[in-house]
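A.B. asks: Any chance you can model this:
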Amino acid sequence: MKDITDKNLRNLLVYNNSLFNCFNDAVVFYDQRGEINGCNNKFYELLDIPCDLIKNNNIFGMLKLAEEEIEFVSSGLEGKIAEKDIVITSDSGTTLRIMAKTGPLSSPENKIIGGYLVLIDPGRQKEELLLLKEREDRLLQLVNKARLGVVSFNQDHKVIECNQRFVEMMGYSIDEMMELYTWDIDAFNTEEDIRKNFSDLSKANVTIETKHLRKDGSTYDVEVHISGTKVKGSQGEYNASICICQDISERKRMERELQLSELKLRNFVENASDIICTLTIDGKVSYISPNVKKVMGYDSDEIENQIITTLFQAEEIPLFKKHLQSTINKSKHNFGDFQIRHKDNSIHWYGINFSSSVDHDVQPIVICNIRNIDGKKEAEESLRFLSLHDQLTGVYNRTFFEKEMKKQIEAGDYPLTLLSCDLDGLKIINDEQGHAAGDELLKDCTRVLQSSLRNSDFLARIGGDEFAIILPATDEKAAQKILDRINNSIDRHNLEKQNKISISIGTATIHDKSLKLSDALIIADKNMYCVKNKKRYTDPEA
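C.D. replies: Numbering: from 1, shown residues only. This next block holds a predicted model:
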């Protein structure tokens with residue numbers, strides 16, 4: 001009989017195991033001898049005893065029950081169902097006052113095979129109720145303190161609940177809100193539209209933008225997310241919707257301003273003299289402003305989706321790519337001057353500003369502002385020419401002559417000869433015939449000298465009537481041949497022209513670095529003055 005009883009008890013434990021462990025209270029099953037056959041996790045936690053020490057232990061000894069409490073627990077084995085506050089002692093020695101419920105366990109033949117004991121910790125129940133209340137308060141605070149309006153409607157589309165924020169947004173009192181319907185709130189949609197579109201609120205799941213009508217008759221832009229649900233009430237289950245409402249008036253105002261700003265910007269971009277284009281990381285044109293037609297002659301679709309460097313001079317492509325990568329990798333602003341080919345194949349200078357940005361997919365792009373700088377380049381070239389050339393004669397000036405001397409030293413093209421040339425009688429011409437006549441004489445002198453020199457020779461005007469010539473790879477003998485050519489050119493000029501020219505020329509030849517060019521120029525000057533003094537001896541006007 002005992003084996004049958006134990007078997008029935010084990011079967012009962014197996015059948016009820018899943019339900020058994022779902023209880024929030026401690027539950028224990030025991031046989032007619034008081035030996036524990038099973039308990040749930042809450043029982044382990046309450047007594048603070050490992051599960052392997054509980055099974056087959058005696059319920060009365062484990063709970064350290066007084067005699068009166070043993071009688072109460074044993075009453076379950078007699079078929080009684082009872083409830084009583086008892087005192088138990090945990091394994092750690094902690095004494096707990098617990099509400100206990102006991103009752104019998106019966107076999108399918110309705111024979112008592114054991115008992116059960118349910119231990120309810122009032123303190124834990126109270127704590128759980130407090131936690132539940134705290135959670136309810138937090139949720140209520142969350143709904144009421146949120147900056148989003150929350151309102152709920154039943155299937156008749158009447159307000160059944162709303163938070164404080166929605167009340168503020170609408171300008172009604174709470175009581176007034178409870179008398180409103182959806183069509184009293186929505187400024188766009190009629191009652192007919194709303195009933196038609198939301199015939200079953202429980203299935204609603206949509207986000208819309210509309211306008212809400214306040215109590216004072218004003219409207220505001222609002223984004224509403226509508227979620228349908230079913231609610232259990234005192235009259236049974238009914239359809240409802242929960243609406244999360246966000247006032248988007250400021251966002252809509254900014255969108256309108258942005259649209260206006262974009263329109264203005266588009267008009268500016270399309271009509272500006274500068275070209276705006278955006279490039280991908282590999283230099284492909286993703287957008288180019290339509291004014292490229294007016295500036296370069298290309299239609300936008302001829303350039304978009306093309307690699308922009310196909311329009312560049314080959315030698316400038318590496319610099320362009322360097323600027324492009326630097327802008328993308330370092331978000332660094334870059335600027336460069338480049339030559340771009342127009343549709344008519346003419347080449348023009350453009351200044352390009354590079355700045356980094358991202359596209360709609362947050363992929364890196366480079367925005368290029370492209371401005372024609374032909375005029376600037378012409379002015380720069382003119383200034384550069386003027387800074388290095390004598391304005392009257394067009395030959396190099398003293399500044400460039402000194403740079404050229406340093407260059408010749410570095411080149412070391414020895415032997416090297418310097419000629420120091422002085423136009424005789426310039427002061428007398430200026431005094432007697434005027435500076436215009438003197439200027440013409442200087443120009444004639446320049447032409448005579450240039451006509452006698454080789455392509456590798458260097459001529460500069462280094463003073464009022466002074467010229468200097470550098471003859472690379474030229475020794476004394478070769479220098480004398482050039483000097484003879486100059487004298488022959490002077491003679492031909494004087495035969496053909498009314499204004500006669502006389503030039504005193506001194507020479508100095510350098511064979512290695514032991515003599516500086518500056519020192520050689522001093523020697524050439526001295527030799528030139530010797531020539532000039534001989535002329536004065538025979539012709540006082542020289």
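
A.B. asks: Within its sheet, name the partner strands of the helix or strand hosting I469 and how each one runs.
C.D. replies: Here I469 sits within strand 466-471, counting by DSSP states H and E. With DSSP bridges as the test, strand 466-471 is paired with strand 416-423 (antiparallel), strand 458-461 (antiparallel).

A.B. asks: After the first one, which helix or strand is next? Please name it.
C.D. replies: This points to strand 416-423. With elements assigned by DSSP H and E, the helix or strand that comes after strand 416-423 is helix 426-433.

A.B. asks: quick one: that next one to strand 416-423, angle?
C.D. replies: Per axes from the mean of the first three to the mean of the last three Cα atoms, to 10 degrees, the angle that helix 426-433 makes with strand 416-423 is 20 degrees.

A.B. asks: can you pull the buried residues of helix 426-433?
C.D. replies: Neighbour counts using 16 or more other Cβ atoms under 10 Å place L426, I429, N430 of helix 426-433 among the buried residues. Every residue, glycine included, has its C-beta placed from N, CA and C.

A.B. asks: which one is the first one nearest to, not counting chain neighbours?
C.D. replies: The shortest distance from L426 to any non-neighbouring residue, by Cβ to Cβ, 6 or more residues apart in numbering, is to D465 (4.2 Å).

A.B. asks: ditto for the second one
C.D. replies: If you skip the residues right next to it in sequence, I429 has G438 as its closest partner in space, 4.7 Å away by Cβ to Cβ, 6+ apart.

A.B. asks: swap in D439?
C.D. replies: Closest to D439 by Cβ to Cβ, 6+ apart is L392, at 5.8 Å.

A.B. asks: Double-check the one you found against K443; I have them as touching.
C.D. replies: Yes: between L392 and K443 there is a contact under Cβ atoms under 8 Å: 7.0 Å.

A.B. asks: next one: stretch 317-337 to chain centre, how far?
C.D. replies: 17 Å (Cα atoms, centre = their mean, to the nearest Å).

A.B. asks: residues making contact with that stretch?
C.D. replies: Applying Cβ atoms under 8 Å, 6 or more residues apart in numbering, the contact partners of stretch 317-337 are 279, 281, 283, 308-309, 312, 338, 349-356, 364, 366, 373, 377.

A.B. asks: Tell me the first helix or strand C-terminal of the strand or helix carrying S326.
C.D. replies: Element membership of S326, judged by DSSP H and E, is helix 317-330. Proceeding N to C from helix 317-330, the next assigned helix or strand is strand 334-341, under DSSP H and E.

A.B. asks: ok and the helix or strand following that following strand relative to strand 334-341, angle-wise?
C.D. replies: Along the chain past strand 334-341, the next helix or strand (assigned with DSSP H and E) turns out to be strand 347-358. Between strand 347-358 and strand 334-341, the angle comes out at 140 degrees (the same axes, to 10 degrees).

A.B. asks: Sheet-wise, list the partners of strand 347-358 with their directions.
C.D. replies: strand 334-341 (antiparallel), strand 364-372 (antiparallel).

A.B. asks: Pull out the buried residues from the longest one.
C.D. replies: For strand 364-372, a neighbour-count test (16+ other Cβ under 10 Å) marks I365, V366, C368, N369, I370, N372 as buried.

A.B. asks: And for stretch 291-308?
C.D. replies: In terms of neighbour count (16+ other Cβ under 10 Å), stretch 291-308 has its buried residues at N291, V292, V295, M296, Y298, I303, E304, I308.
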